[in-house]
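Here is the input, now give the coordinates:
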Amino acid sequence: MSYFDAASSAPLHPVARQALQASLDEGWADPARLYREGRRARLLLDAAREAAAEAVGCRPDELVFTTSGTRAVHTGISGALAGRRRVGRHLIVSAVEHSSALHAAEVHHDEGGTVTEVPVLRTGAVSPDTYAEALRPDTALACLQSANHEVGTEQPVAAVAEACRAAGVPLLVDAAQSLAWGPVEGGWSLLTGSAHKWGGPSGVGLLAVRKGVRYAPQGPVDERESGRAPGFENIPGIVAAAASLRAVRAEAAAESARLRELTDRIRARVPELVPDVEVVGDPVRRLPHLLTFSCLYVDGETLLHELDRESFSVSSGSSCTSSTLTPSHVLKAMGVLSEGNVRVSLPLGTPAEDVDRFLDVLPGTVATVREKLGAPSTTPTVTVHEDSLVVDALGKRCPIPVIELAKVINDVPVGATIRVLSDDEAARLDIPAWCEMRGQEYVGEEPADRGTAYVVRRTAPL
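Predicted structure coming up:
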């Protein structure tokens, strides 16, 4: 079995396993107590904090451990907003933040605050100038992930941090996906991370708050973790998290170069091996182990099941794999194809042979799924000279609306339009993305009795 979903959760690092087992025997006591067992637990906790702070690039007394990366984000945002309430209640996030940050922004908005969502380029990165324009006199906090969790694009954190510093606004950086590869550059004010992303145990997150940042912890006050993370510390988990972070950092330089070569191979070979594929995300400024591509005319859930049958574990941001039937907010913000979306994220130590086998298996797997769905042939059909055509795809889910559009595009003359009727939310993203991939003009949306009419003008033969 080849596990290619490290961006969701990395396999437990051997060092984490050893540290976890050892600290179960030594770190079970209350570290706040003065007797021998408590002092031993306190030593383990303090050593773990120092190791984690060194990896993050902050002082030990600036870092606390939380019960998850999500809790760290929620705690960091709420505490920073409360600490700067006198300045204002304006929060800035990027459109591709992790859902934990976006959910916190929703709560802030519902409680009377204001939120600006900064758009991203088609690569998934924010423009530093556009981000800077969102800063206002009443901005209490700005948030920006260090690297995207779905497409791997690295964000210009240093440039955004400088703009925030000039405006006197603290910047919270969600570094969950990037901490394994190195510290976050730039003058950030708050930083969060999640141990299971770098090979530590689940249930451990970290929150760093620089000295001088106005911060007011929310909720009932607890004497533990500087009042920022209530509850008894999970010392075995924390020790394992810190040990594994130090271990993966020691391997980062060599593994980064090796895994980047493997993901570069996938980025180059997939479009050659599989027709009608879009590789998304920044090709250069990206995490070394992660890439994402989308396949036209493919049901994402079916494709993931077929790859699982071939012993490959991958993930997807396609609406076809979601219980909500809505496309990933990241792919939507980027304006790229969501159907047949595949995210490959390689764990440390992934053999090159596994990648080669994936490239051998993928073309046949995609072809099988497309055949099941009745995808169009790549050879043009005979053109029918009609001024316009209406495609009724109501009640049909991704990727069927795009498949039916592709089947009839050559049935109208160049310059004529096709209206695709669809009530599938993914069509709003996938039809424009298909037009860009296939060189056709996306005219826009029109109201319809049911669903929405997506208007496409044929500008060139397929």
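
Can I take it that Ala247 is in a helix?
Yes. Remark: Ala247 belongs to a helix, assigned using DSSP: H, G, I helix; E, B strand; the rest coil.

Can you tell me the closest non-neighbouring residue to it?
Val15 (4.0 Å; CB to CB, 6 or more residues apart in numbering). (Each C-beta comes from the backbone N, C-alpha and C, glycine too.)

Dihedrals phi and psi, that neighbour?
The phi/psi pair for Val15 (degrees, to the nearest 10) reads phi -60, psi -40.

so what's it up against?
Ala243, Ser244, Arg246, Ala247 (CB atoms under 8 Å, 6 or more residues apart in numbering).

tell me the secondary structure for Arg165?
Quick answer, by three-state DSSP: Arg165 is helix.

ok, now how distant is it from Trp188?
10 Å (CB to CB, to the nearest Å).

Can you work out which residues contact both of those two?
Leu171.

So for those two, which sits in the more crowded spot?
More neighbours surround Trp188 than the other of Arg165 and Trp188, with 27 against 15 (other CB atoms under 10 Å).

quick one: contacts of the helix or strand that Val73 is a member of?
Assigning secondary structure by DSSP states H and E places Val73 in helix 69-83. Helix 69-83 is contacted from outside by 66, 89, 91, 98, 100-101, 103-105, 108, 113, 140-141, 143, 170, 172, 174, 176, 189-190, 192-197, 205-207, 209, 213-218, 228-229, using CB under 8 Å, 6+ apart.

which among these end up buried?
Buried members of the contacts of helix 69-83, scored by 16 or more other CB atoms under 10 Å, are 66, 89, 91, 98, 100-101, 104-105, 108, 113, 140-141, 143, 170, 172, 174, 176, 189-190, 192-197, 205-207, 209, 213-215, 217, 228-229.

quick one: which of those residues sit in helices?
Mapping these onto helices (DSSP state H) picks out Ser100, Ala101, Ala104, Ala105, His108.

farthest-separated two in those residues?
Greatest spatial distance among those (CB to CB): Ser100 and His108, at 12.9 Å.

Find the nearest non-adjacent residue to Leu171, please.
Counting by CB to CB, 6+ apart, the residue nearest Leu171 is Cys164, at 4.4 Å.

looking at this, Glu50 is in a helix?
Yes. Counting by three-state DSSP, Glu50 is part of a helix.

So what's the residue count around it?
Neighbour tally, Glu50, other CB under 10 Å: 14.

How about it, nearest residue that isn't a chain neighbour?
Counting by CB to CB, 6+ apart, the residue nearest Glu50 is Pro60, at 4.9 Å.

and Arg122, backbone torsions?
phi -60, psi -20.

from what I can see it touches Leu337, true?
No. Contact between Arg122 and Leu337 fails when scored by CB atoms under 8 Å: they sit 11.2 Å apart.

who's more crowded, these two?
Neighbours were tallied for Arg122 and for Leu337 using other CB under 10 Å; the higher tally belongs to Leu337 (29 against 14).

mind listing what's buried in stretch 29-43?
If you call a residue buried by 16+ other CB under 10 Å, then stretch 29-43 has these buried ones: Ala29, Pro31, Arg40, Ala41, Arg42.

which one of those is nearest Arg357?
Checking the buried residues of stretch 29-43 one by one against Arg357 (CB to CB), the nearest turns out to be Ala41, at 45.8 Å.

I'd assumed Pro31 was in contact with the closest one.
Yes. Assessed by CB under 8 Å, Ala41 is found in contact with Pro31 at 4.2 Å.

which residues are common contacts for these two?
Joint contacts of Ala41 and Pro31 (CB under 8 Å, 6+ apart) are Ile235.

Pop the domain breakdown of this structure in here.
Per automatic domain parsing, the domain ranges recorded for the chain read 9-248, 253-373, 388-457.

helix or strand right after the strand or helix carrying Val239?
Secondary-structure element containing Val239, defined by DSSP H and E: helix 235-273. As assigned by DSSP H and E, the chain's next helix or strand after helix 235-273 is strand 277-280.

so what strands line up beside that following strand?
For strand 277-280, the paired strands and their directions (DSSP bridges) are strand 290-295 (antiparallel).

Buried residues in the following helix or strand past the partner strand, which are they?
Next helix or strand after strand 290-295 toward the C-terminus (DSSP H and E): helix 300-309. Applying a neighbour-count criterion of 16+ other CB under 10 Å, one finds Gly300, Glu301, Thr302, Leu303, Leu304, Glu306, Leu307 buried in helix 300-309.

can I get those in CSV with pLDDT?
As requested, the buried residues of helix 300-309 are exported to CSV (pLDDT from 0 to 100):
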residue, pLDDT
Gly300, 83
Glu301, 85
Thr302, 88
Leu303, 92
Leu304, 92
Glu306, 95
Leu307, 96
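
and those as CSV, adding distance to Ala406?
Output for the buried residues of helix 300-309, formatted as CSV (distance: CB to CB, whole Å):
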residue, distance to Ala406
Gly300, 17
Glu301, 20
Thr302, 18
Leu303, 17
Leu304, 22
Glu306, 21
Leu307, 23
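
Just give me the closest of the residues you listed to Val443.
Nearest member of the buried residues of helix 300-309 to Val443, counting by CB to CB, is Gly300, at 26.5 Å.

how about Ala55, what does it touch?
Here Ala55 is in contact with Leu179, Pro183, Ala242, Leu245, Arg246, Arg249 (CB under 8 Å, 6+ apart).

And the residues you listed, which is closest to Val342?
Out of these, the member with the shortest distance to Val342 (by CB to CB) is Leu179, at 24.6 Å.

Okay, that closest one and Gly83: tell me how far apart.
24 Å.
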